[in-house]
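J.: All I have is the shape, not the residue letters:
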């Protein structure tokens, strides 16, 4: 596999989605940072580069930043004087 072109996205979510899936953000629909509970994003059965290559013998790990409820709690735990913004 050879990556011949790279194009920056407007935020980290769109860029990571493009890299993990190998698809344009316009195909994945992941052009903006999601909000918990909203009906957008990937389904568990959607393919990623790692899922497609594993059956071919590749050993691939996906390391991602996961934005979830923990992140909101971490602000209060790590820096309570700052509070949530």
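T.: Nice, I can see it. Because the structure is predicted, anything quoted here is derived from the model rather than measured. Numbering: from 1, shown residues only.

J.: Show me the helices in this structure, by range?
T.: Along the chain, counting by DSSP state H, helices occupy 12-21, 25-28, 49-53, 69-78.

J.: ok, of these, where does mean pLDDT dip lowest?
T.: Ranked by mean pLDDT, the helices of the chain bottom out at helix 69-78, with a mean of 48.

J.: Could you check how far the residue lying closest to residue 31 once chain neighbours are set aside is from residue 56?
T.: Closest residue to residue 31 apart from its sequence neighbours, by CB to CB, 6 or more residues apart in numbering: residue 25 at 4.6 Å. To be clear about C-beta, it is placed using only N, CA and C from the backbone, and glycine gets the same treatment. From residue 25 across to residue 56, the span is 26 Å (CB to CB, to the nearest Å).

J.: who has more neighbours, those two?
T.: residue 25 (20 against 6; other CB atoms under 10 Å).

J.: Looking at residue 1 now. What's its pLDDT?
T.: 68.

J.: try the one 3 residues further on
T.: Looking at residue 4, its pLDDT is 75.

J.: ditto for residue 36
T.: With respect to pLDDT, residue 36 scores 61.

J.: What of residue 54?
T.: 84.

J.: got the contact list for residue 21?
T.: Shown in contact with residue 21 (CB atoms under 8 Å, 6 or more residues apart in numbering): 27, 28, 42, 46, 47, 48, 49.

J.: so can I have CSV of these showing distance to residue 11 and neighbour count?
T.: Shown next, in CSV, are the contacts of residue 21 (distance: CB to CB, whole Å; neighbours: other CB atoms under 10 Å):
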residue, distance to residue 11, neighbour count
27, 17, 11
28, 13, 18
42, 16, 15
46, 20, 12
47, 23, 12
48, 19, 17
49, 20, 16
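
J.: Nearest to residue 19 among those?
T.: Of all the contacts of residue 21, residue 19 sits closest to residue 49, with 8.1 Å by CB to CB.

J.: residues touching the closest one, list them.
T.: 20, 21, 22, 60.
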